[in-house]
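Enquirer: Sequence and predicted structure, then a few things I'm wondering about:
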There are 4 protein chains.
Amino acid sequence: MTKPDQSPFIHEIRVTWGDCDPAKIAYTARLPWFALDAINAWWEDHLGGDGWFQMELDRNMGTPFVHMSLDFTSPVTPRHRLMCQVDPLKLGTTSITFRVIGRQDGVDCFTGRFVCVFTQADTFTKRPAPQEIVDIVTPLLVSPDAG
Amino acid sequence: MTKPDQSPFIHEIRVTWGDCDPAKIAYTARLPWFALDAINAWWEDHLGGDGWFQMELDRNMGTPFVHMSLDFTSPVTPRHRLMCQVDPLKLGTTSITFRVIGRQDGVDCFTGRFVCVFTQADTFTKRPAPQEIVDIVTPLLVSPDAG
Amino acid sequence: MTKPDQSPFIHEIRVTWGDCDPAKIAYTARLPWFALDAINAWWEDHLGGDGWFQMELDRNMGTPFVHMSLDFTSPVTPRHRLMCQVDPLKLGTTSITFRVIGRQDGVDCFTGRFVCVFTQADTFTKRPAPQEIVDIVTPLLVSPDAG
Amino acid sequence: MTKPDQSPFIHEIRVTWGDCDPAKIAYTARLPWFALDAINAWWEDHLGGDGWFQMELDRNMGTPFVHMSLDFTSPVTPRHRLMCQVDPLKLGTTSITFRVIGRQDGVDCFTGRFVCVFTQADTFTKRPAPQEIVDIVTPLLVSPDAG
């Protein structure tokens, strides 16, 4: 599959004073929060403006997280905007895996992998990915080795 | 009305590294958050363990905030537990006013005043305070001048 | 003094699922946080990109809060971006007062007033506003009655 | 090595309305935050009251995170206190691995693994674990298979 003209999705985050701890870098627990903000923004971008809020309330669909793992390689600071690249890595029958790479000034700060399952929101029961989601996500899937 | 044996309600908060900003003190935006934690704990203590979550889901009652004001007089740090004294100051027909005083090591760090209105949760419409709440709150009211 | 061409400063915030509580609206304690984000963005915009982080670390200047008060008039949700208008209302010898109005879809959601004092960061002692700040802020001051 | 009388360290967290999202469960990004609160409390308990704040400011020692991974198995709600069991799994020359298990009402809600490195705080450079830490941690190490 070729996606010649496709730039990766980048969500920009303004890191602030209040995100930082006394070591003058973003507090560790803020980083998965930032990554989730980026994944939510990815959904908004690909679902016509609908993030988790609209998916749950208007589409009766949830995507709760069952796993996350992150490697932290360089501190995040307010000196630069935090650019979060989000890519879907894998679409299973009832789950989706995202990768989020956070960069500042061209330096990788963290890389995370996040697994969500699809649920029917009002019953909180697992369900297969809706066909609309399959159609949207499938062409966007990238290999985990792609940068 | 005499309340001879009544100690004020105190909610203890463990301030941490992650609450602090690079000035090595709790970030300002954490302080109203702490005060709300204390008010929620006050409800839990006086409503048989029910905080806002149970009030809303089990009792169909909300108490959304319409006003808050805080004065910050001394920095909050992880050096001491933050002791938050919560007192109801006023019970109106459809509203309740709380005062929260945050202290560390005997020093007043902030004082806040918070006004909430009573609502029916499922319709988000204003309603009079339930009689059970009136009965609980009335004997606890303190004068704003009391320390 | 006339400021004919001056649009107010607006800081845009993407409200998300994670900002909301089970009432499906932004949790009250998030709102002063948003207002502080907006004030920090105001500084960045008027100080050549320097927010509180750079003011403190590069300019040895702090602006800790001594007061905040907010009125909440309409719930904040992820349905619209939160547009936060920030204006300085008053510049005292050692303090500055900001007003922040948060709006969604043209509706006022909250209005807050925030008072900060100027400090020398490394000693945490009060100081007069630096002349550069006086020069920047003075022409931007608005009357509290201006919308 | 036998540790016959040793109970695991448990840090209790009061989950509130403000921690929950519109699905009425704690927002995913709150869970690593809770886990870090628990690890910080573990340090306080084992270092004579010193958490990350005191380690950094008084002992010139940092323990920044280089990795975290979490599996989420059951939703966290305000219905029960969140009991976080913290155990050190491994002590390397310059790193320490923690496991945090979050439980509510006897049900495992999440399990996380966290790797921190030891640094000299003022230079942010890696260093071997201080001997005092080695002496404290070594007898507390548990096998990853222990519940």
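Expert: Everything's here; your move.

Enquirer: Any idea which residue is closest to the centre of chain A?
Expert: Central residue of chain A (Cα atoms, centre = their mean): residue A:39, 2.5 Å from the mean position.

Enquirer: who are the neighbours in contact with that residue?
Expert: Going by Cβ atoms under 8 Å, 6 or more residues apart in numbering or on different chains, residue A:39 touches A:86, A:98, A:100, A:114. Placement of C-beta: from N, CA and C, glycine included.

Enquirer: Where strands are concerned, which of those residues count?
Expert: Taking DSSP state E, the ones among the contacts of residue A:39 that sit in strands are A:86, A:98, A:100, A:114.

Enquirer: Of those residues, which pair is most distant in space?
Expert: With Cβ to Cβ as the measure, no two of the ones in strands among the contacts of residue A:39 lie farther apart than A:86 and A:114, at 9.3 Å.

Enquirer: what's the weakest-modelled helix or strand in chain A?
Expert: For chain A, counting by mean pLDDT, DSSP states H and E, strand A:125-126 ranks last in confidence among helices and strands (a mean of 94).

Enquirer: any residues in contact with both of residue A:86 and residue A:114?
Expert: Counting by Cβ under 8 Å, 6+ apart, the contacts common to residue A:86 and residue A:114 are A:39, A:98, A:99, A:100.

Enquirer: any idea which helix or strand carries residue A:135?
Expert: Here residue A:135 sits within helix A:131-137, counting by DSSP states H and E.

Enquirer: Which of the ones in strands among the contacts of residue A:39 are buried, as a PyMOL select command?
Expert: A single PyMOL command suffices to select whichever of the ones in strands among the contacts of residue A:39 are buried according to 16 or more other Cβ atoms under 10 Å in any protein chain shown:
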select buried, chain A and resi 86+98+100+114
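
Enquirer: would JSON lines of the ones in strands among the contacts of residue A:39 with pLDDT and distance to chain B be doable?
Expert: Shown next, in JSON lines, are those (pLDDT from 0 to 100; distance: Cβ to the nearest Cβ, whole Å):
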{"residue": "A:86", "pLDDT": "98", "distance to chain B": "25"}
{"residue": "A:98", "pLDDT": "98", "distance to chain B": "25"}
{"residue": "A:100", "pLDDT": "98", "distance to chain B": "21"}
{"residue": "A:114", "pLDDT": "98", "distance to chain B": "21"}
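
Enquirer: Compile the ones in strands among the contacts of residue A:39 into a markdown table and extend it with columns for distance to residue D:53.
Expert: What follows is the ones in strands among the contacts of residue A:39, written out as a markdown table (distance: Cβ to Cβ, whole Å):
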| residue | distance to residue D:53 |
| --- | --- |
| A:86 | 33 |
| A:98 | 33 |
| A:100 | 29 |
| A:114 | 30 |
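
Enquirer: closest to chain D among the ones in strands among the contacts of residue A:39?
Expert: Closest approach to chain D among these (Cβ to the nearest Cβ): residue A:114, at 9.0 Å.

Enquirer: who touches residue A:72 in this structure?
Expert: Residue A:72 touches A:28, A:31, A:109, A:110, D:64, D:65, D:66, D:67, counting by Cβ under 8 Å, 6+ apart.

Enquirer: Using PDB, list the CA coordinates for stretch A:74-94.
Expert: Presented in PDB, the C-alpha positions along stretch A:74-94 are these (Å, rounded to 0.1, in the frame of the first residue of the first chain):
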ATOM      1  CA  SER A  74      14.600  13.300  26.700                       C
ATOM      2  CA  PRO A  75      13.000  15.800  29.100                       C
ATOM      3  CA  VAL A  76      10.000  17.900  27.900                       C
ATOM      4  CA  THR A  77      10.100  21.600  28.700                       C
ATOM      5  CA  PRO A  78       8.200  24.800  27.900                       C
ATOM      6  CA  ARG A  79      11.200  25.900  25.700                       C
ATOM      7  CA  HIS A  80       9.600  24.400  22.600                       C
ATOM      8  CA  ARG A  81       6.100  23.300  21.600                       C
ATOM      9  CA  LEU A  82       5.700  19.500  22.000                       C
ATOM     10  CA  MET A  83       4.900  18.000  18.700                       C
ATOM     11  CA  CYS A  84       3.100  14.600  19.100                       C
ATOM     12  CA  GLN A  85       3.000  12.400  16.100                       C
ATOM     13  CA  VAL A  86       0.100   9.900  16.300                       C
ATOM     14  CA  ASP A  87      -0.200   6.800  14.100                       C
ATOM     15  CA  PRO A  88      -2.400   3.700  14.200                       C
ATOM     16  CA  LEU A  89      -0.100   0.600  14.200                       C
ATOM     17  CA  LYS A  90      -2.700  -2.100  14.200                       C
ATOM     18  CA  LEU A  91      -6.400  -2.700  13.900                       C
ATOM     19  CA  GLY A  92      -7.700  -5.900  15.400                       C
ATOM     20  CA  THR A  93     -11.300  -7.100  15.400                       C
ATOM     21  CA  THR A  94     -12.100  -5.400  18.700                       C
END
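
Enquirer: Identify the spatial nearest neighbour of residue A:21, chain neighbours not counted.
Expert: Of all residues beyond its chain neighbours, the one nearest residue A:21 is residue A:27 (4.3 Å), with distances taken as Cβ to Cβ, 6 or more residues apart in numbering or on different chains.

Enquirer: and stretch A:123-135, which residues are buried?
Expert: Quick answer for stretch A:123-135 (16+ other Cβ under 10 Å): A:127, A:129, A:133.

Enquirer: do the same with stretch A:51-64
Expert: For stretch A:51-64, burial by neighbour count (16+ other Cβ under 10 Å) applies to A:51, A:52, A:53, A:54, A:55, A:56, A:57, A:61, A:62, A:63, A:64.

Enquirer: related to what we said a few turns ago, of the contacts of residue A:39, which is the nearest to residue A:76?
Expert: Residue A:76 lies nearest to residue A:100 out of the contacts of residue A:39, by Cβ to Cβ, at 12.7 Å.

Enquirer: Apart from its chain neighbours, what residue comes closest to that closest one?
Expert: Computed as Cβ to Cβ, 6+ apart, the closest residue to residue A:100 that is not its neighbour in sequence is residue A:35, at 4.3 Å.

Enquirer: Sheet-wise, list the partners of the helix or strand harbouring residue A:102 with their directions.
Expert: Take DSSP H and E as the rule and residue A:102 turns out to sit in strand A:95-104. Each strand paired with strand A:95-104, and its direction, by DSSP bridges: strand A:82-91 (antiparallel), strand A:107-117 (antiparallel).
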